[in-house]
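1. task: produce atomic coordinates for the following.
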Amino acid sequence: TNLFAGTKNGFFLSTNSGTSWMSINDGLTNTNVRAFAIDGSTLYAGTWGGGVFFIKENTSNWTAVSNGLTYSYIQALAFCGTNLYAGTGGGVFLSTNNGNNWTVFNTGLTYTYVQALATIGTNLFAGTGGGGVCLLINNSSTWISVNNGQTYYTDVYSLACSGTNVFAATYMGVYLSTNNGANWSQINVGLVFSYVWALDTDGTNIFAGTNGGVFLSGNNGSN
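-> All right, here's what the predicted structure looks like:
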């Protein structure tokens, strides 16, 4: 199983489930890698200050794809259908041609510091710094705010999706929505460190990276 790691020192690949790692940085003119997105055999990397790069499977050289990307500090990448979205400190950018060209995509975003992106089907969620979660339905042209139940914890550091569940990491723990963000509830039983910076899912397993280490829930965050 291949594993990918983006670090401030570049991109690393493991082909043996993490037993050993190799650096693959040729062509990566900025090695502070903050985000990934995969489309078939192509891997996209978002860097902090250098824009977006891509690399093809079984090749060793990155290619820059940042034309029109006027904010180069990338915090999140996500595909929704064939559209590629980049979350930055200057909002969301959209590419409809695999990163070759980008346009700003901020209509409806009241807070443009976008820290996380995640998809369920044709719905795209954006986690912002100060504005909570916003939703783009079916590749429409306007973001809508979806923060009912999350009013006071509007700095969203990470998002993760599993089935119809959306999880949001905040400084007050992991929030869950089962209805595309229309309502949120806290799911913090057993989570003794409330600052959650990163989330990932594997089936019903949720991994939360906190200021006190990594926590695991095997039942969609119930405990």
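
2. what's Ala182 sitting at in phi/psi?
-> Per-residue torsions, Ala182: phi -60, psi -30 (degrees, to the nearest 10).

3. ok, it to Ala208 distance?
-> Ala182 sits 23 Å away from Ala208, taking C-beta to C-beta, to the nearest Å as the criterion. The way it works is simple: take the backbone N, C-alpha and C, and place the C-beta from them, glycine included.

4. these two: which is more packed in?
-> Higher neighbour count among Ala182 and Ala208: Ala208, with 25 against 12, using other C-beta atoms under 10 Å.

5. the more buried one against Tyr195, yeah?
-> No. If you go by C-beta atoms under 8 Å, Ala208 and Tyr195 don't touch, sitting 10.1 Å apart.

6. count the neighbours of the closest residue to Glu57 other than its chain neighbours for me.
-> Closest residue in space to Glu57, ignoring its immediate chain neighbours: Ser41 at 3.8 Å, by C-beta to C-beta, 6 or more residues apart in numbering. Number of residues near Ser41 (other C-beta under 10 Å) recorded here: 10.

7. quick one, phi psi at Ser41?
-> Dihedral angles of Ser41 (phi, psi; degrees, to the nearest 10) stand at phi -100, psi 10.

8. try Asn138
-> Dihedral angles (degrees, to the nearest 10) for Asn138: phi 50, psi 50.

9. touching, it and Asn123? I think so.
-> Yes. Between Asn138 and Asn123 there is a contact under C-beta under 8 Å: 7.1 Å.

10. between the two, which one's more packed in?
-> Legend: neighbour count by other C-beta under 10 Å for Asn138 and Asn123, higher for Asn123 (20 against 10).

11. contacting residues for Leu43?
-> Contacts for Leu43 (C-beta atoms under 8 Å, 6 or more residues apart in numbering) come out as 4, 36-37, 54-55, 57.

12. can you pull up the bridge partners for it?
-> Ile38, Ile55 (DSSP bridges).

13. try the one 4 residues further on
-> In this structure, Thr47 has beta-bridge partners Val33, Gly51, where bridges are defined by DSSP bridges.

14. likewise for Ala78?
-> On DSSP bridges, the residues paired with Ala78 through beta bridges are Tyr85.

15. doesn't Ser177 make contact with Asn183?
-> Yes. Under the criterion of C-beta under 8 Å, Asn183 makes contact with Ser177 at 6.2 Å.

16. ok, now which ones touch the residue nearest to Glu57?
-> Contacts of Ser41 (C-beta under 8 Å, 6+ apart): 56-58.

17. relative to Ala118, how far out is it?
-> Distance from Ser41 to Ala118, by C-beta to C-beta: 22 Å.

18. just to revisit the earlier point, could I have the buried ones of the contacts of Leu43 as PyMOL selection syntax?
-> Selection of buried members from those for PyMOL, criterion 16 or more other C-beta atoms under 10 Å:
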select buried, resi 36+37+54+55
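
19. check the contacts of Leu43 for the minimum pLDDT and say which it is.
-> On pLDDT alone, Glu57 ranks lowest of those, at 85.

20. so what's it up against?
-> Counting by C-beta under 8 Å, 6+ apart, Glu57 touches 41-43.

21. let's see 10 Å
-> Applying C-beta atoms under 10 Å, 6 or more residues apart in numbering to Glu57 gives the contacts 2, 38, 40-43.
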